[in-house]
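Undergrad: I'd like to go over a predicted model; first the sequence, then the structure.
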Amino acid sequence: KAFQENIGHPHITQSEVCGLRAIVLYLHSQPGNKKNVPAFIKDPVALIKDIRIIVEVHKNDRPERAINGRPIIFWQNVRKDQHLFNKTKRTKKAKETEKAKRNDVNGVMYLDHSMVCSFCKLDGWFVLPSNKDNITRMDSTNSLMECEECQELVHAICLPDFGINCEVRKEMPNLWKCFTCIKFPKPKVPENSPTEAETKEAEEKDNSCDIDIVKHEIMDNDSQVEKMEVEPEPKNTAPVVQPILQAPKDETIVKEEPAAPVEENCVEMTEADTTTIKQECSETFSKAERNKLLVNEYFARHSEAFGKFDILYKMQPAERQLALLMDTNILLNIFQYLNTSDLLKCRVVCKEWNRISRDKKFTTSMDLSGLKITANMITMAANMKPDAMVLDWTNIGKQQLSWLLPKVQSMKYLSLAGLEFSSQVCVLSSPTSPMLTELNLSFVTSLTDAAVNKLLVLADGKKSNLVNLRRLTLNNTEISDISLRYISQHLQYLRTLSLAHCAKITDAGLAQIGDAQLYASQSLTWLTLTGCTNITDSGLIHISRCTILSRIDCLNSGFSQSAIDMFLTIRKDLKSNNFVIYPK
């Protein structure tokens, strides 16, 4: 009843009716443990009943009467006038050049709180300015925008959509170039062009001056005619026809005179003046050249005889050394050779070194190999989000890795050499681990065939996050031929596989790599078998089935030179040197 007293019976569209009905049906379909009613709703059952009544009342509404400019829901302290929801003409200021009132707050000019929108007449917080609710509002949250050209104050949502973006100015808050001024720019008026009032005054003045000049000329001509009529003609002389109108006596006649000599009108420049001008120009050019070379002056290693970098050479030795140590480009080239632990030490030297050591060039990779991992290091790694991380031979725990890996989803390279599988590396089987492309598990203890199966095949049958690996290093581990079966079966994008010093690898494992029905035979390009003594020449025949394999490192392995020569007769695009097969 109160709802109808406030807004009557406005028609709504059928889409809105269907939406309300869908909300009620959805709430009824939810179980009791999922119906989390907000605390401020005192009677949720009555609310649902009211919505059902609204749906029944409005199910036969006419769509053409649904858009009438009348609000359906009204809020406290917000105007409910009908013209706010209709397309009306905006009211502009009396003077277009009048700027909005601003207040200086800590050196920043913010809009005054009394300013309102020219469309809805609400302030920057969509509240009536007359409503004093004793709430302190921050100036930076004001949503009103003032145009720098037409000085119109509006909310951005009150303007019609022109299909273009406005141009916000950073010089002052709440200042922009509105959509109207961008789409319909005003013609530019020259700065020195006179206004309309000045033009009218100038025309009236010119007209009055012209009238005075004409009157003066007529009076002079009349007096001249009277004089000429009074003068008697001389006797015994032929009549001379004289013009009635002559120039007045006080009028001067300009005669053509020869041009004046050059010495009279031109000032001759002395040699001293020419020297002074040349000296000033040379000083200006040298100053500009010196300022231009100020950035790169520390890179010069010339002697003082050149004189081009005199700014550096005129310094004292201590000042010169300090200038070199604080140069950004030099420090960047030096810091690139430091590991992560040394970069962390450089951060505490001074503010300049701290800023340079945080460059993006150094945050893409993080090397903590051989260090004692602390909680601060783990937090720093999570904040840096490096693309590559090296944790070789560290004491990082399983909980620390399980906390860190989900927070560095952008990481592509991870090295865990020298760690223990059951207490550290097994975290990689979690579905929250990043999508790595390179993984180094060299010297990992307890890395057996069962461990490889756990990494590549999850318990619920889903694919592991390691299926996108392009490079896998398993040097000096306990894997056997069964692990090569898992690798060839699941890693369809693998390009490089390193099995150096894996004593349990035999020809049966190489047969799995060369199996035409598995991924490895079609994707593998680099295979390292250095130190694998249990393989024989027949294993090289299995590898020859890999179509795009272009490099094989088999030093100190079971392959003989004769087997390699026979392999090269099959793959004529390759050659060998010291038990290394590579492209020609």
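TA: Looks like it came in fine.
Undergrad: pull the contacting residues for the nearest residue in space to Arg62 that is not next to it in sequence.
TA: Nearest in space to Arg62, with sequence neighbours left out and distances taken as Cβ to Cβ, 6 or more residues apart in numbering, is His11 at 5.5 Å. C-beta: built from backbone N, CA, C; applies to glycine. Counting by Cβ atoms under 8 Å, 6 or more residues apart in numbering, His11 makes contact with 58, 61-63, 65-66, 68.
Undergrad: Lys575 too?
TA: 568, 581-584.
Undergrad: among these, which are located in strands?
TA: Among the contacts of Lys575, DSSP state E puts 581-583 in strands.
Undergrad: still on that earlier bit, format the contacts of Lys575 as TSV; extra columns: pLDDT and neighbour count.
TA: Formatted as TSV, the contacts of Lys575 follow (pLDDT from 0 to 100; neighbours: other Cβ atoms under 10 Å):
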residue	pLDDT	neighbour count
Leu568	90	15
Ile581	92	22
Tyr582	92	13
Pro583	91	9
Lys584	86	7
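Undergrad: same list (these) but as CSV, adding distance to Ser538.
TA: As requested, those are arranged in CSV below (distance: Cβ to Cβ, whole Å):
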residue, distance to Ser538
Leu568, 16
Ile581, 17
Tyr582, 22
Pro583, 24
Lys584, 25
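Undergrad: now do the helices in the stretch 401-550 of the chain.
TA: Taking DSSP state H, counting those that start in this stretch, the helices of the stretch 401-550 of the chain run over residues 449-456, 481-490, 507-513, 520-523, 537-543.
Undergrad: dump those into a markdown table; add distance to Asn33 as well.
TA: Formatted as a markdown table, those follow (distance: least, Cβ to Cβ, whole Å):
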| stretch | distance to Asn33 |
| --- | --- |
| helix 449-456 | 36 |
| helix 481-490 | 40 |
| helix 507-513 | 51 |
| helix 520-523 | 49 |
| helix 537-543 | 59 |
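Undergrad: for these, give me CSV that also has mean pLDDT and distance to Ser576.
TA: Formatted as CSV, the helices of the stretch 401-550 of the chain follow (pLDDT from 0 to 100; distance: least, Cβ to Cβ, whole Å):
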stretch, mean pLDDT, distance to Ser576
helix 449-456, 91, 30
helix 481-490, 92, 23
helix 507-513, 92, 17
helix 520-523, 91, 21
helix 537-543, 89, 11
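Undergrad: can you redo those as a markdown table with mean neighbour count and distance to Ser562?
TA: Shown next, in a markdown table, are the helices of the stretch 401-550 of the chain (neighbours: other Cβ atoms under 10 Å; distance: least, Cβ to Cβ, whole Å):
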| stretch | mean neighbour count | distance to Ser562 |
| --- | --- | --- |
| helix 449-456 | 19 | 32 |
| helix 481-490 | 22 | 24 |
| helix 507-513 | 21 | 16 |
| helix 520-523 | 18 | 24 |
| helix 537-543 | 20 | 8 |
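Undergrad: tell me which of those sits nearest to Lys42.
TA: Lys42 sits nearest to helix 449-456 of all the helices of the stretch 401-550 of the chain, at 54.4 Å, using Cβ to Cβ.
Undergrad: quick one: contacts of that closest one?
TA: Contact with helix 449-456 is made by 421, 425-426, 428-429, 464, 466-467, 479-480, 482-483, 486-487, 490-491, as judged by Cβ under 8 Å, 6+ apart.
Undergrad: got the angle between that helix and helix 481-490?
TA: Between the axis of helix 449-456 and that of helix 481-490 there is an angle of 20 degrees, by axes from the mean of the first three to the mean of the last three Cα atoms, to 10 degrees.
Undergrad: quick thing: my sequence starts at 20, can you match it?
TA: Noted, 20 is the first residue going forward, which turns the last one into helix 468-475.
Undergrad: need the strands for the stretch 370-519 of the chain, in chain order.
TA: 384-386, 407-409, 432-434, 457-459, 490-492, 515-517 (DSSP state E, counting those that start in this stretch).
Undergrad: what pairs with the last one, and is each one parallel or antiparallel?
TA: Going back to what we said before, that points to strand 515-517. Paired neighbours of strand 515-517 in the sheet (DSSP bridges): strand 490-492 (parallel), strand 545-547 (parallel).
Undergrad: what residues of it count as buried?
TA: 515-517 (16 or more other Cβ atoms under 10 Å).
Undergrad: list the contacts of Arg188.
TA: Neighbouring residues of Arg188 by Cβ under 8 Å, 6+ apart: 167, 194-196.
Undergrad: again, only this time at 6 Å
TA: By Cβ atoms under 6 Å, 6 or more residues apart in numbering, Arg188 lies in contact with 194-195.
Undergrad: and if you look at the one 4 residues further on?
TA: Contact analysis of Pro192 by Cβ under 6 Å, 6+ apart lists Tyr129.
Undergrad: so how far is Val124 from it?
TA: Per Cβ to Cβ, to the nearest Å, Pro192 is found 10 Å from Val124.
Undergrad: what do those two both touch?
TA: Common neighbours of Pro192 and Val124 (Cβ under 6 Å, 6+ apart) do not exist.
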